[in-house]
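Q: Task: produce atomic coordinates for the following.
(one chain, ligands or ions: 1)
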Amino acid sequence: MDDVVILGGGVIGLASALALAHEGLQVRVLERGEPGCGASHGNCGTITPSHAPPLTMPGILRHALGWMLRRDAPLYVRPGLDIDRLRWLLGLARHVNWRDFHAAAAARAILLIQSRERFAPMFKKYGIEAGFEEKGVMFLFKDQQVWKQEQTQVAMLNDLSIAVEPLDSAALHTCLPGLTPAVVGGLRYPGDAMLRPERYVAGLEQAFLHSGGKIARETDVLGFRTSARHIDSVHCSRGDYPAKRVLLAAGAWSPLLARQLGLRLPMQPGKGYSITWGKTAGVPDIPLVLKERSVCVTAWADGFRLGSTMEFSGFREGLNRTRLHALRRGAAEYLKLPLLGTPSEEWWGWRPMSVDEVPIIGPSQRWENLHFATAHGMLGVSMSPATAALVADQFVGRTPDFDPTPYDPARFGL
Ligand SMILES: Cc1cc2nc3c(=O)[nH]c(=O)nc-3n(C[C@H](O)[C@H](O)[C@H](O)COP(=O)(O)OP(=O)(O)OC[C@H]3O[C@@H](n4cnc5c(N)ncnc54)[C@H](O)[C@@H]3O)c2cc1C
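A: Numbers count the residues shown, from 1 in each chain. Model (predicted):
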């Protein structure tokens with residue numbers, strides 16, 4: 001019997017697996033595909049304390065209602081009668097108030113900053129080469145009003161220990177000559193960073209295997225064998241895996257597995273897209289967020305990616321051409337892009353979005369040997385090292401380096 005069986009081999013499952021193996025526990029990851037085949041694959045790879053403020057800023061609903069039904073808008077809600085999705089959207093709307101906004105920003109900031117500090121030592125310790133660069137991230141604006149509005153958050157971010165530097169048009173166009181004249185202002189977040197997510201996931205996987213961990217690939221978790229308040233084993237397409245403890249880290253699919261245990265996780269998939277090219281000359285080498293279009297631009301030594309946008313269309317799989325075009329069109333409004341040619345990959349993925357935009361990390365109340373590490377939304381890569389550290393502390397009974405209360409599954413009665 002394994003000490004810990006982890007459901008899901010994305011960035012959260014693998015980072016947690018590595019941290020638990022490092023504690024001397026016998027750990028097995030169950031993954032229905034290959035490790036890293038979910039949201040952790042084609043995301044933008046930015047490490048962003050800058051993103052501590054959640055989406056639910058008062059005032060968002062006005063914009064959101066305008067966008068919601070436009071198929072190429074940065075935020076799109078697919079019409080349809082899906083009760084779970086409707087309930088979740090109403091729940092999210094209830095968090096649009098200043099008290100919840102500040103509480104979520106503070107909780108997210110802690111996990112982001114704690115993670116940011118852990119990346120470099122972790123890469124050194126395990127010899128992971130993931131194209132990690134500490135270059136900061138630049139937000140770009142075309143609309144003076146939006147730029148001014150965003151600057152109202154500078155004091156709050158500074159209070160959360162997140163540095164921000166506003167840059168006017170002249171300063172921006174000097175330091176980034178490839179911008180179009182439409183760009184009127186920017187915000188630089190010097191504490192942000194970047195990495196190549198596919199290589200990060202591969203590095204975690206290798207380090208975990210070298211630490212004696214086991215991965216069951218192409219192993220679909222189908223259900224659970226339970227007795228009273230205990231999970232005895234995890235029932236999979238390739239047989240049953242008995243475990244002393246179970247960590248649910250299945251990203252956007254987590255609520256589907258939790259339902260098998262009679263638990264309702266307040267989460268929805270937030271679909272995003274990306275387009276990737278090989279090494280590309282003539283693109284800014286600092287990661288960019290093109291604010292009004294919600295497009296993220298990342299250039300690594302070996303590739304170039306446009307990504308992001310948020311779509312709530314339930315568990316509807318596949319690429320959406322309209323939204324892929326919107327990424328390219330949006331980028332061309334801010335950047336003088338070189339001729340990009342045929343992409344090496346077009347991709348979609350589901351962000352695991354929790355209703356209060358705060359991850360769910362900690363023990364279950366209902367099941368004595370179940371633990372959660374999920375719902376990292378738009379920030380799973382950025383939050384992975386501190387999530388893993390918290391999970392390891394909780395499993396071995398050590399006092400964590402930061403207060404785990406904001407992430408406690410108990411807030412949802414789980
Ligand atoms: C377009 C886009 C851009 C993004 N950009 C960034 C960024 O720049 N920075 C950042 O920090 N975050 C970013 N994110 C968010 C980030 O990708 C996610 O938060 C993160 O990958 C979630 O990791 P995870 O391990 O929880 O989920 P996943 O990576 O989705 O992993 C879950 C795993 O569980 C497996 N699984 C599911 N069901 C089962 C089952 N029944 N049995 C076995 N296995 C199962 C899946 O196959 C999958 O591999 C972005 C996301 C998107 C979509």
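Q: what's residue 193 in contact with, if anything?
A: The contact partners of residue 193, taken as C-beta atoms under 8 Å, 6 or more residues apart in numbering, are 46-47, 116, 119, 132-137. Heads up, the C-betas are built off the backbone N, CA and C, glycines and all.
Q: now do residue 240
A: The contact partners of residue 240, by C-beta under 8 Å, 6+ apart, come to 225, 233-234.
Q: re earlier: same list (the contacts of residue 193) but as JSON lines, adding neighbour count.
A: Formatted as JSON lines, the contacts of residue 193 follow (neighbours: other C-beta atoms under 10 Å):
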{"residue": "46", "neighbour count": "26"}
{"residue": "47", "neighbour count": "27"}
{"residue": "116", "neighbour count": "21"}
{"residue": "119", "neighbour count": "22"}
{"residue": "132", "neighbour count": "19"}
{"residue": "133", "neighbour count": "16"}
{"residue": "134", "neighbour count": "13"}
{"residue": "135", "neighbour count": "12"}
{"residue": "136", "neighbour count": "17"}
{"residue": "137", "neighbour count": "26"}
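Q: Looking at those, which are in helices?
A: Assigned to helices by DSSP state H, the following of the contacts of residue 193 qualify: 116, 119.
Q: Wasn't residue 261 part of a strand?
A: No - counting by DSSP: H, G, I helix; E, B strand; the rest coil, residue 261 is not found in a strand; it is coil.
Q: And it, how far from residue 254?
A: Separation of residue 261 from residue 254 (C-beta to C-beta, to the nearest Å): 11 Å.
Q: so the residue nearest to residue 103 when sequence neighbours are not counted, which of the three states?
A: Among residues not flanking residue 103 along the chain, residue 406 sits closest, at 7.2 Å (C-beta to C-beta, 6 or more residues apart in numbering). Recorded secondary structure, residue 406: helix (three-state DSSP).
Q: and what of residue 232?
A: Residue 232 - assigned by three-state DSSP - is strand.
Q: How about the contacts made by the closest residue to it other than its chain neighbours?
A: Residue nearest to residue 232 in three dimensions, not counting chain neighbours: residue 225, with 4.7 Å by C-beta to C-beta, 6+ apart. Contact analysis of residue 225 by C-beta under 8 Å, 6+ apart lists 231-235, 240.
Q: neighbour count winner among residue 261 and residue 254?
A: Between residue 261 and residue 254, counted using other C-beta atoms under 10 Å, the more crowded position is residue 254 (24 against 18).
Q: who touches the nearest residue to the more buried one once chain neighbours are set aside in this structure?
A: Distances taken as C-beta to C-beta, 6+ apart place residue 374 nearest to residue 254, at 4.2 Å, with adjacent residues excluded. Counting by C-beta under 8 Å, 6+ apart, residue 374 touches 12, 248-251, 254, 265, 267, 352, 354, 359-361.
Q: Around the ligand, pick out the residues from the stretch 1-150 of the chain.
A: For the stretch 1-150 of the chain, the residues in contact with the ligand (C-beta under 6 Å from any ligand atom) are 7-13, 30-33, 37-40, 43-46, 48.
Q: can you tell me which of the residues you listed are in strands?
A: 7, 30, 46 (DSSP state E).
Q: in the sheet, who's paired with the first one?
A: Spelled out, that is residue 7. residue 30, residue 248 (DSSP bridges).
Q: Would you agree it is in contact with residue 38?
A: No - between residue 7 and residue 38 there is no contact under C-beta atoms under 8 Å: 12.0 Å.
Q: Any stretches of the stretch 301-414 of the chain with poor pLDDT?
A: Within the stretch 301-414 of the chain, no stretch falls below the threshold (pLDDT under 70).
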